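Enquirer: The sequence and its predicted three-dimensional model are supplied below.
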Amino acid sequence: MKIRNYIVLIISASLALTACKKEPDYSVPVDGDGNKYATVVIGSQVWMVGELRTTTLNDGTPLKQLKGADWKAPTSPAYCYYNDDESNGAVYGALYNFAAVNTGQLAPKGWHVATHEDWNKLAAYLGGLSQAGGKLKATHTWLSPNEGATNESGLALLPTGYRDADGTCEGIGKVGYWWTATIAPGGDQAWMRTLSNISAKLDGNSSAFTLGFAVLCVKDDL
């Protein structure tokens, strides 16, 4: 009988421990550097507010920072700041090559770099590509005329500019470029999204992996 009692106690203790075990709470995104971000619900999606700033993957692996001409054709995961100025990173986030995005560990745990489909779903909810750009753009920071900007979405996207494959930086204040996590047909480019200060449209295309773009993140489905 004592053996039976012991078995009952062990089972009860095991059930109690299982009941007390909590799933990780990823409602507040925290990146690999410990930066925390606000969030906004847009339709059925939860987006992270602000361009990603991390210099570390979510498993603790540091990303390599490349400057100037060293950016040319990087093949390993890397990041930079616009014009190699860290103060730009504090405002506009870091710029990443696609190798960093493609690690699958750039976003905070419980989140992911927005996919091609995530962006399509976002644009559809905001009324289509022709007007989604204005609803996504911040009403500040962009150079005039900042066409159609209302920030109705609450994402307040910024004119991040981008880093070209030769290491030069272009477009801050005028354009924003964001990677998606989706590789385009052909396998040697990835889908991206772009906004401009002279248009209310959300545009997109595919781009070589070696360019440096900003990144936005979406909460994983439960």
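Expert: Cool, got the structure.
Enquirer: For L15, give me the pLDDT.
Expert: Predicted confidence (pLDDT) for L15: 44.
Enquirer: Could you do N5 as well?
Expert: 48.
Enquirer: Roughly how far does V30 sit from D59?
Expert: For V30, the distance to D59 (C-beta to C-beta, to the nearest Å) stands at 14 Å. For the C-beta atoms, the positions are set from N, CA and C on the backbone; glycine is no exception.
Enquirer: In terms of packing, which of the two has more residues around it?
Expert: Neighbour totals were compared for V30 and D59, and V30 leads with 16 against 10 (other C-beta atoms under 10 Å).
Enquirer: Phi, psi for the more buried one please.
Expert: Reported as degrees, to the nearest 10, the phi and psi values for V30 are phi -130, psi 120.
Enquirer: tell me the centre residue of the protein?
Expert: Closest to where the C-alpha atoms of the chain average out (C-alpha atoms, centre = their mean) is L216, at 2.3 Å.
Enquirer: Least confident secondary structure element in this protein?
Expert: Lowest on mean pLDDT, DSSP states H and E among the helices and strands of the chain sits helix 2-20, with a mean of 44.
Enquirer: Could you point out the helix or strand that follows that helix?
Expert: strand 39-42 (DSSP states H and E).
Enquirer: which residues in the chain form helices?
Expert: Counting by DSSP state H, one finds helices in the chain at the ranges 2-20, 86-92, 98-101, 116-125, 129-136.
Enquirer: I would like the residues contacting the last one, please.
Expert: Read that as helix 129-136. 122-123, 126-127, 147-153, 155, 157, 195-196, 199-203 (C-beta atoms under 8 Å, 6 or more residues apart in numbering).
Enquirer: pLDDT (mean, whole number) over that helix?
Expert: The model assigns helix 129-136 a mean pLDDT of 98.
Enquirer: Please apply the same query to stretch 152-161.
Expert: The predicted model assigns stretch 152-161 a mean pLDDT of 98.
Enquirer: Check the offset of it from the chain's centre.
Expert: Here stretch 152-161 is found 12 Å from its chain centre; the criterion is C-alpha atoms, centre = their mean, to the nearest Å.
Enquirer: start to end distance for it?
Expert: From its first residue to its last, stretch 152-161 covers 22 Å (C-alpha to C-alpha, to the nearest Å).
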